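Visitor: sequence and predicted structure below; questions after.
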Amino acid sequence: MNIGEKRREMPHFFRTIPATVQFAQYNSHSVLRRVRPPQRDSDCSPRRSIAGSRNYGSPQEMTVLRHCLVLMSAIALDATGAWAAEAEPAKVYQKYVVAADHPAASRAGLDVLERGGNVVDAAVATSFALSVVRPDSCGIGGGGFMVIWNAETQTSVAIDYRERAPMKATRDMFVTEDKNGRKLSSRVGGAAAGIPGTVAGLYHAHKKYGHLPWADVVAPAIRLAEQGVLADAHDIEIQQTVLLMLVLQRNARERFAPLYRDYLDSGRLLTTEDRIRSPQAEVLKLIAEQGRDAFYTGPVADALLAAVNEHNGIWVREDLEKMDAVERRPLHEDFAGNTILTMPPPSSGGIALLETLNILAAFERDHPQQQLPSGTPHEAAAVHLVAEALKHAFADRAEFLGDTDFVSVPVARLTSPKYAEQLAAKIDMSRTHSPEAYGRFQGSNDAGTSHFCVLDAEGNAVSCTETINTPFGCLVVEPKFGIVLNNEMDDFAAVPGKPNAFGLIQSEANAVAPRKRPLSSMTPTIVVRDGKAIYALGGSGGPRIISATLQVLLNLTRHGMDVQDAVAAPRFHHQWLPDALFVEQPLNETLSKELQTLGHEVRLQRNIAAVQAATRDENGLRAASDPRKGGQPAGK
């Protein structure tokens, strides 16, 4: 029995979901979403419980449960993933291109470009569109990071609009029990929600770097909300996944009634013939008319405060009024004759990406006979080398990283070639090591996101990753305006020394504090050559973002792949803890035995993140939206 077969005995979904609502552990890059026009005549009567057992009650609920179990069993047992079909060559564009994980969002960005907008205008339009068409992944109730390259001025900027902890937040808020012996949840309910930053960040980016009127860049999202989009395979899978989660949690359907009603269609199962409209149209119209303040003051703010605090939240009005975006200097590093621009803290992704690349470069300098292969990344030795480098980077992530506005992070040291040489010297190509051997970490002392990118012929670029954390965030949906709220408080070291929803162990540097931004794995990245952007890329999928972005970048720069092949190629992931090497099915079939002989515990993972990427060369522009999530680029 190989590793893949062993894992299939009990699919990961069924081992984790019944105990807690930890959606990200099933398929962390997936994001959930809403459904047909809200229908408010559905049965929302409470379920009954007999002798302490769960009674799933209504025939409708039992039908949903049966359908969901059949679907999720098939999904859990089918690990073929997106690479089963041959990737088609990327189309060549001459003016501009947008790559998002939903075709309608890519077209929203393209629409703004065709109206005379610049890459920032297109990014803002794409983001608002994603709030409508991928609300399980990201949206106005979440936050994100944006990296911009301006080829005309030869300048770059990173805009940080990551969520902040509420002012009443405390270090031990998820550890301390109340008088009834209960603890607040960092994953579900109002206490799990950070103060959303997306609207503040998009407004800041547009006001300073955009060109078209503000209302014009919000308009495509409003049209999508009103006209709707046809459900796709991702929507269907996610709806049934979340419905099953709610069925398995006592009173979840009643507790999160707006989510169940407005985004899960009251349990009516989607098909590809269903048109999904969004309840966010009215709030988007207010934002288009009034800008940032429409979200953070007035009736929308009142509604948000009421919804959050009804679910044990601790927000106050000042939290919303003071929410802001911060400009930071992107991290930059020379690699293979290019300059890489990526996100600094509170993202861990940029540091981990550069640290890993530096380790690989140092190893190759010291071992000229053991280079990464130029043709294919899918040899056991290459996977082992990259995995070992990633483990060092993730060990340092756990030990050192946090919000630099609150804690000191040794960015320069972690990204320095000298430090990389020390770590590269520890890599043994004949075996792996115990977790204590990686990075500077001493063991005794210690999944809904969306990425999109915009690139034009002049070499201007935006790379942007946004999130509400796990699918549908904390499950709280503000009922009047349909705003899906994040659960980013779980991205702090909510319970120091304990893993979060993505299995990450984190240190005191990422402890909860008022107005602090939680650590993130988002890795929006731009690569510049001769003053013009040649690549823009990033991904969604929790910590898998880092390893997936790294592998797509290596596929482009070292393995000579077309952007479509680079994105569609099978991937692997190692985050130091848990001490396991996750691989997609093609690698499991061909490499698992060799990797096991090197000491890796190989685990099969159906999809490892979802990456969007755009490229520019002398022939034009190309882009790829990851087939793992069903997106499609748009360009001209």
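Guide: The structure has been received and is ready for your questions. Numbers count the residues shown, from 1 in each chain.

Visitor: hey, let's count contacts and neighbours off CA atoms from now on
Guide: OK.

Visitor: how does the protein divide up, domain by domain?
Guide: Per the record, the chain has its domains at 82-89+328-448+522-635, 115-142+159-230+271-325+462-510, by automatic domain parsing.

Visitor: Throw those into TSV and include distance to residue 153, thanks.
Guide: Below are the domains of the chain laid out as TSV (distance: least, Cα to Cα, whole Å):
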stretch	distance to residue 153
domain 82-89+328-448+522-635	9
domain 115-142+159-230+271-325+462-510	12
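
Visitor: what's the neighbour count on residue 381?
Guide: Residue 381 has 20 neighbouring residues, counting by other Cα atoms under 10 Å.

Visitor: oops, could you answer that again for residue 410 instead?
Guide: For residue 410, the neighbour count with other Cα under 10 Å is 11.

Visitor: now residue 136
Guide: Close neighbours of residue 136, defined as other Cα under 10 Å, add up to 33.

Visitor: tell me the bridge partners for it.
Guide: Residues in a beta bridge with residue 136, per DSSP bridges, are residue 32.

Visitor: correct me if wrong: it contacts residue 469.
Guide: No. The criterion here is Cα atoms under 8 Å, and residue 136 misses it with residue 469 at 9.1 Å.

Visitor: on that earlier part again, now render the domains of the chain as TSV, adding mean pLDDT and distance to residue 238.
Guide: Below are those laid out as TSV (pLDDT from 0 to 100; distance: least, Cα to Cα, whole Å):
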stretch	mean pLDDT	distance to residue 238
domain 82-89+328-448+522-635	92	10
domain 115-142+159-230+271-325+462-510	94	8
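
Visitor: which helix is the longest one in this structure?
Guide: For the chain, the longest helix by residue count, based on DSSP state H, is helix 380-400.

Visitor: how distant is that one from the center of its chain?
Guide: From the chain centre to the centre of helix 380-400 is a distance of 20 Å (Cα atoms, centre = their mean, to the nearest Å).

Visitor: what's the answer for stretch 243-262, then?
Guide: In this view, stretch 243-262 has its centroid 23 Å away from the chain centroid, taken as Cα atoms, centre = their mean.

Visitor: model confidence over that stretch, on average?
Guide: The pLDDT scores in stretch 243-262 average 94.

Visitor: how about that stretch as CSV, C-alpha atoms only?
Guide: Presented in CSV, the C-alpha positions along stretch 243-262 are these (Å, rounded to 0.1, in the frame of the first residue of the first chain):
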residue,chain,number,x,y,z
LEU,A,243,-23.5,22.9,3.8
LEU,A,244,-22.0,19.7,5.2
MET,A,245,-20.0,21.6,7.7
LEU,A,246,-23.1,23.4,8.9
VAL,A,247,-25.1,20.1,9.1
LEU,A,248,-22.4,18.6,11.3
GLN,A,249,-22.3,21.5,13.7
ARG,A,250,-25.1,21.8,16.3
ASN,A,251,-27.4,24.8,15.5
ALA,A,252,-25.0,26.2,12.9
ARG,A,253,-27.8,26.7,10.3
GLU,A,254,-29.7,28.9,12.8
ARG,A,255,-26.7,30.6,14.3
PHE,A,256,-25.4,31.6,10.9
ALA,A,257,-28.7,32.0,9.2
PRO,A,258,-27.7,34.9,6.8
LEU,A,259,-24.8,32.8,5.5
TYR,A,260,-27.1,29.8,5.0
ARG,A,261,-29.9,31.9,3.4
ASP,A,262,-28.1,34.4,1.2
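
Visitor: quick one on the thing from earlier: for residue 103, which of the domains of the chain is the nearest?
Guide: domain 82-89+328-448+522-635 (4.7 Å; Cα to Cα).

Visitor: mind checking the SS state of the nearest residue to residue 454 once chain neighbours are set aside?
Guide: Distance criterion Cα to Cα, 6 or more residues apart in numbering; nearest residue to residue 454, sequence neighbours excluded, is residue 98 at 4.6 Å. Residue 98 carries the three-state label strand when classified by DSSP: H, G, I helix; E, B strand; the rest coil.

Visitor: about what we covered before: give the residues shared as contacts by residue 136 and residue 469.
Guide: residue 448 (Cα atoms under 8 Å, 6 or more residues apart in numbering).

Visitor: before we move on, the earlier item: residues in contact with the longest helix of the chain?
Guide: Contacts for helix 380-400 (Cα under 8 Å, 6+ apart): 348, 352-353, 355-356, 359-360, 372-373, 377, 409-410, 414, 423-424, 427, 429, 432, 438-441, 446, 504-507, 509, 547, 572-576, 581, 591, 594-595, 598.

Visitor: and stretch 574-586, which residues are buried?
Guide: For stretch 574-586, the neighbour count (16 or more other Cα atoms under 10 Å) marks 574-577, 580-586 as buried.

Visitor: can you check stretch 227-238 too?
Guide: 228-232, 234-238.

Visitor: picking up where we left off before, quick one: buried ones out of the contacts of helix 380-400?
Guide: For the contacts of helix 380-400, a neighbour count by 16+ other Cα under 10 Å gives the buried set as 348, 352-353, 355-356, 359-360, 372, 377, 409, 414, 423-424, 427, 432, 438-441, 504-507, 509, 547, 572-576, 581, 591, 595, 598.

Visitor: to residue 108, which of the domains of the chain lies closest?
Guide: Among the domains of the chain, the nearest to residue 108 by Cα to Cα is domain 115-142+159-230+271-325+462-510 (5.6 Å).

Visitor: mind putting the buried residues of stretch 227-238 into JSON lines with distance to residue 418 and secondary structure?
Guide: Below are those laid out as JSON lines (distance: Cα to Cα, whole Å; DSSP: H, G, I helix; E, B strand; the rest coil):
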{"residue": "228", "distance to residue 418": "53", "secondary structure": "coil"}
{"residue": "229", "distance to residue 418": "51", "secondary structure": "strand"}
{"residue": "230", "distance to residue 418": "52", "secondary structure": "strand"}
{"residue": "231", "distance to residue 418": "50", "secondary structure": "coil"}
{"residue": "232", "distance to residue 418": "48", "secondary structure": "coil"}
{"residue": "234", "distance to residue 418": "44", "secondary structure": "helix"}
{"residue": "235", "distance to residue 418": "46", "secondary structure": "helix"}
{"residue": "236", "distance to residue 418": "49", "secondary structure": "helix"}
{"residue": "237", "distance to residue 418": "46", "secondary structure": "helix"}
{"residue": "238", "distance to residue 418": "45", "secondary structure": "helix"}
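
Visitor: so of those residues, which two are at opposite extremes in space?
Guide: 228 and 237 (18.4 Å).

Visitor: quick one: the helices in the stretch 201-350 of the chain?
Guide: Taking DSSP state H, counting those that start in this stretch as the criterion, the stretch 201-350 of the chain contains helices spanning 214-227, 233-247, 252-255, 257-262, 281-290, 293-296, 298-310, 317-321, 349-366.

Visitor: ok, now the stretch 51-200 of the chain?
Guide: 59-77, 103-114, 119-133, 198-209.

Visitor: still on that earlier bit, just the ones of the buried residues of stretch 574-586 in helices?
Guide: Per DSSP H, those map to helices at 585-586.
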